[in-house]
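Peer 1: Have a look at this fold, sequence not included:
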Ligand code: NAD
């Protein structure tokens, strides 16, 4: 465990067992140097406590990087709850989790993640103020889509083969859920020709009907001739099987962990396909959640959402200067901010 903590540069790790509710939870705090650690809480049937600890540690560092590049004065952390087997009292479980948060005195604030719902966040809020994504907040997905939209605009500025406005552009969108649909709507309103794919046929039909989108089968979306490809479904979709098929100038989508391996970032770079690092371009939802938690103004939030565009341009410019892939530059910039080597390089 200490090897994992050291490698991921985790600041501290907290474990809680609450006998009455059956809560078994782990909170990993990667960093609070820039502010309280914010990150989601997932509830999953982990097969062992080691698996839960590994997951919390792995995800906490990513949150620090994401907050840093989004220009947020926040650190990174993540909570996991080992879902009890069989029937359990969900309300009691999340109440106990809320009390666990209080023991950390606000060093970590929680949010929704895999398996948790707005109702769970509301339950936590009955016990603790260190929670976001409650029913009074609203959905972050439209803000994530807005951030991706600003990222798409940055790609247009940075790639010499792309025009400087969206009208008439061909954009392929994979995944038409909360974020993908909102992104399609925004792009359609700017005159984009959409090509879409989803495993849910109803969602595809809706985009065809409402936005005049061209539908393709889920496994055909990679090879579609287009200007931009926006993965808004699953992670790991940029890999040795798919990158060779791409016929786009840039990849800019909301899905988390789009690159299956680090090597895949290099493969995109070698093919001269501009890649908008996912944890930056999809940080609009985090910005919304953080701004709600910190009670910041609408104008501050808008400024930070637009900051996604500016930070991407910085990354693309450094890519040109250094010959390193955007994915590597993003990590380097985030590390410099998180670990304090160069905190002045982003002006959000
Ligand atoms: P969602 O569950 O609402 O939508 C995902 C969509 O992808 C669904 O319509 C699903 O049917 C589709 N899909 C799944 N497998 C597919 C496949 N093989 N081919 C094509 N489509 C497929 O999720 P969301 O909230 O829209 O989030 C989309 C992505 O963005 C996820 O990776 C999520 O982790 C990431 N993300 C979301 C937010 C947010 O604010 N919701 C924030 C940051 C990152």
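Peer 2: Everything's here; your move. On a predicted model such as this, the values are computed, not experimentally measured, just so you know.

Peer 1: Surely residue 146 and residue 282 touch.
Peer 2: No: between residue 146 and residue 282 there is no contact under C-beta atoms under 8 Å: 10.9 Å. Backbone N, C-alpha and C define where each C-beta goes, glycine included.

Peer 1: Those two: which has the busier surroundings?
Peer 2: residue 282 (26 against 23; other C-beta atoms under 10 Å).

Peer 1: Skipping adjacent residues, who's closest to that one in space?
Peer 2: Once flanking residues are discounted, residue 282 sits nearest to residue 254: 4.3 Å by C-beta to C-beta, 6 or more residues apart in numbering.

Peer 1: can you count the residues close to that neighbour?
Peer 2: 29.

Peer 1: any idea how far residue 236 is from it?
Peer 2: Separation of residue 254 from residue 236 (C-beta to C-beta, to the nearest Å) stands at 14 Å.

Peer 1: What of residue 298?
Peer 2: Taking C-beta to C-beta, one finds residue 298 at 35 Å from residue 236.

Peer 1: out of those two, which sits in the more crowded spot?
Peer 2: In terms of neighbours (other C-beta under 10 Å), residue 236 is the more surrounded of residue 298 and residue 236; the figures are 15 against 8.

Peer 1: gap between that one and the ligand?
Peer 2: In this view, residue 236 and the ligand are 10 Å apart by C-beta to the nearest ligand atom, to the nearest Å.

Peer 1: and what of residue 318?
Peer 2: From residue 318 across to the ligand, the span is 24 Å (C-beta to the nearest ligand atom).

Peer 1: got it, and residue 218?
Peer 2: 4 Å.

Peer 1: count of residues packed around the closest residue to residue 293 other than its chain neighbours?
Peer 2: Closest residue to residue 293 apart from its sequence neighbours, by C-beta to C-beta, 6+ apart: residue 132 at 4.4 Å. For residue 132, the neighbour count with other C-beta under 10 Å is 24.

Peer 1: go on, the one 4 residues further on?
Peer 2: Residues lying near residue 136 (other C-beta under 10 Å) number 11.

Peer 1: phi, psi of it?
Peer 2: Dihedral pair for residue 136: phi -80, psi -10, per degrees, to the nearest 10.

Peer 1: Quick check: it vs the ligand, distance?
Peer 2: 17 Å.

Peer 1: just residue 58 next, same as before
Peer 2: Distance from residue 58 to the ligand, by C-beta to the nearest ligand atom: 15 Å.

Peer 1: Now that residue: closest residue in space that isn't a chain neighbour?
Peer 2: residue 8 (7.0 Å).

Peer 1: Close to the ligand: what parts of the protein are there?
Peer 2: Contacts of the chain with the ligand, taken as C-beta under 6 Å from any ligand atom, map to 140-141, 144, 174-180, 197-200, 203, 218, 232-235, 254-256, 282, 285.

Peer 1: Drop anything exposed from those residues.
Peer 2: 140-141, 144, 174-176, 178-180, 197-198, 203, 232-233, 254-255, 282, 285 (16 or more other C-beta atoms under 10 Å).

Peer 1: for the stretch 201-348 of the chain, which spans come out with low pLDDT?
Peer 2: 341-348 (pLDDT under 70).
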